[in-house]
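Participant: Whatever this is, show me its structure:
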Amino acid sequence: MSAPAAPAGATGASGTAGTVAGTAPSAAPLALTPIFLRIKLSLLRNGLKGSSKRKAAYFSTLAFALVVGFFMTLGLGLLHGNAHAGTVVVLLAAILALGWAFMPLFFPTGDETLDPSRLVMLPLRPRPLVRALLVSSLVGIGPLFTLCLAIGSVIAVARGAAGAVAAVVAVPLLLLGCVTLARAVATANVRLLTSRKGRDLALLSGLVIAVGAQLANFASQSLFQAGGLSKLEPVEAVLQWLPPATAVGMVDSVSEGAYGRAAAQLVLTVAAVAALLWSWERSLTKLMVTPDGSTIAASGPVKGRDGAGGGFWSLMPGGRTGASMQRSLRYLVRDPKTKSATVTALAIGAIVPVFNALQGTGSVYLGCFGAGMLGVQMYNQFGQDTSAFWMVAQTISNTRDAYVELRARAAALALVTVPYTVLVTAVTAVLLDDWQGFAAGVGVALALLGAMLCTGALASARFPYSIPTDGAFKNVAPGQGGLAWGGIAAGMLVSALVCAPVIALAIWLNMAEHRDTSWVVLPIGVAWGWLAAWAGLRLAAPTVSRKLPEILLAVSKG
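Facilitator: Below you'll find the predicted structure:
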């Protein structure tokens, strides 16, 4: 018998595959760019189908970006001829590039095309793929907003015919520099962005925004002082040589007649874009030929598993207390939402007193802010367990078990909060040169922490609510928002009343000019806080023991 004939079209299919892979006509890679443009437009269009909320969010974001971009472009245009226009636009270009570089790390789901690992199985070569991804990256709200700022920046500094020509060259270079930087950083970190650690990183975006807002507030206060913009000229002198801000600096240099400096800045900008493209292509090549971590050493021993009970954990007390403390501390490290809330509280709790001290308006008593931010974590202790709380409930048979469970959770939180509060208050005292008030500041903060542990235990027992596991910014199950906010608001008010005697004592010692004896607030505050926490745990334990089914039902919703 003769061998079966080859299927019709097999040769054509192979030829097509070879063509797409870039092994045949040179025109084939060029056809990849319109395909990716159509894919990007299809992703945008299909993402808006079937969801009125998504449509409203997208179009409201688009409208907001257009309005803000228009007014910023207009404002930058009005700076034309101002002596500090060059300083403003160079700093703006640097901040814009910084945002493009790091925002994809915190919002990796904002653009589905940021994950090139989805294209690994396709016969595509890195160079045409880079070209196609770069062109498709220019479609979107972010590039449109960046284009508006780029146009406004060059209008602010361009003067004369040579400046206009330089501006025409600078706008696309600045846009390409920002987009290429974002792509290169995202591709180099794509394994991180698509992992659990990447999702944890996205949850910390609120922290970045909070820190950025405080830095912007601190900087704006300095700028509005006399000669504020003049203070930024040394910074601008450095940033004008850092791409892609060099593109805007080049326009300013041409307008001033410094053609040699402008040529150097142009070369730096083009070289930086070329280097980013090369780095992007290398990262893409490595990504497409390297196996991911899920298939490497999958059967090997897990590092550290055999010694899970050693090291730091060996210092925990024995029995239920140590086990519960270890579970709570592991939540702080491993659970994304608990980690996000804790790290945000730590950062904001330090930013407020330290930044106020740097501005000369602070006080050692602002250390209470950090203790209060972390104390709020006590207000829904069972909610972080979600439906897994049933395993904890199985081990609670009486009021004593409930008390030990609550005490362990409070001790785990205090283990983090107490040294943190002392450290933040000490740093504030150093910045203010107010060591005399350090002891009183720590005493008031620890009294407030004890009061919040007291009310937090009561709120956890009486007002438990569920924390959904899906959604980075959804921290309360539908229908439980009022319960959550009501418990927190009431608890914070009662906490202030509970530690009011210690606060009153500290105020009296300061107003009566007895600051030499204000150190007595420290031992009184420690004792008061411990007593308040003990009383709250004792009062909450019977409720927890009696209402275990109701607590399990409340924390299992959503």
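
Participant: Pop the domain breakdown of this structure in here.
Facilitator: As given by automatic domain parsing, the domain ranges for the chain are 36-210+225-290, 319-555.

Participant: Single out the most deeply packed of those.
Facilitator: Of all the domains of the chain, domain 319-555 carries the top mean neighbour count, a mean of 19, counting by mean count of other C-beta atoms under 10 Å. To be clear about C-beta, it is placed using only N, CA and C from the backbone, and glycine gets the same treatment.

Participant: follow-up on the earlier one: turn the domains of the chain into a markdown table, columns for mean pLDDT and distance to residue 313.
Facilitator: Shown next, in a markdown table, are the domains of the chain (pLDDT from 0 to 100; distance: least, C-beta to C-beta, whole Å):
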| stretch | mean pLDDT | distance to residue 313 |
| --- | --- | --- |
| domain 36-210+225-290 | 81 | 22 |
| domain 319-555 | 85 | 6 |
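
Participant: Verify the stated contact: residue 418 with residue 446.
Facilitator: Yes: under the criterion of C-beta atoms under 8 Å, residue 418 makes contact with residue 446 at 6.8 Å.

Participant: if I look at residue 543, how far off is residue 492?
Facilitator: According to C-beta to C-beta, to the nearest Å, residue 543 and residue 492 sit 20 Å apart.

Participant: swap in residue 466?
Facilitator: Distance of residue 466 to residue 492, given as C-beta to C-beta: 21 Å.

Participant: and what of residue 429?
Facilitator: 25 Å.

Participant: my guess is residue 501 meets residue 528, correct?
Facilitator: Yes: under the criterion of C-beta under 8 Å, residue 501 makes contact with residue 528 at 7.2 Å.

Participant: list residues touching both of the two?
Facilitator: By C-beta atoms under 8 Å, 6 or more residues apart in numbering, residue 501 and residue 528 have no common neighbours.

Participant: residue boundaries of the helices in the stretch 251-400 of the chain?
Facilitator: Here the stretch 251-400 of the chain has its helices, by DSSP state H, counting those that start in this stretch, at 259-289, 319-334, 336-358, 367-375, 389-393, 399-432.

Participant: The fourth one vs helix 399-432, what angle?
Facilitator: With axes from the mean of the first three to the mean of the last three C-alpha atoms, to 10 degrees as the criterion, the two stretches helix 367-375 and helix 399-432 enclose an angle of 150 degrees.

Participant: Give me the packing partners of helix 367-375, helices and strands only.
Facilitator: In terms of contacts (3 or more C-beta pairs under 8 Å, 6 or more residues apart in numbering; DSSP states H and E), helix 367-375 is packed against helix 336-358, helix 399-432, helix 438-462, helix 481-498.

Participant: can you redo these as a markdown table with distance to residue 173?
Facilitator: Shown next, in a markdown table, are the helices and strands packed on helix 367-375 (distance: least, C-beta to C-beta, whole Å):
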| stretch | distance to residue 173 |
| --- | --- |
| helix 336-358 | 36 |
| helix 399-432 | 42 |
| helix 438-462 | 52 |
| helix 481-498 | 48 |
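
Participant: Which among those is found nearest to residue 515?
Facilitator: helix 438-462 (8.1 Å; C-beta to C-beta).

Participant: Show me what that closest one is packed against.
Facilitator: helix 367-375, helix 399-432, helix 481-498, helix 500-511, helix 521-546.

Participant: what about 10 Å?
Facilitator: If you count contacts as 3 or more C-beta pairs under 10 Å, 6 or more residues apart in numbering; DSSP states H and E, helix 438-462 packs onto helix 367-375, helix 399-432, helix 481-498, helix 500-511, helix 521-546, helix 548-555.

Participant: If you compare the directions of it and helix 336-358, what angle comes out?
Facilitator: If you take the same axes, to 10 degrees, helix 438-462 sits at 150 degrees to helix 336-358.
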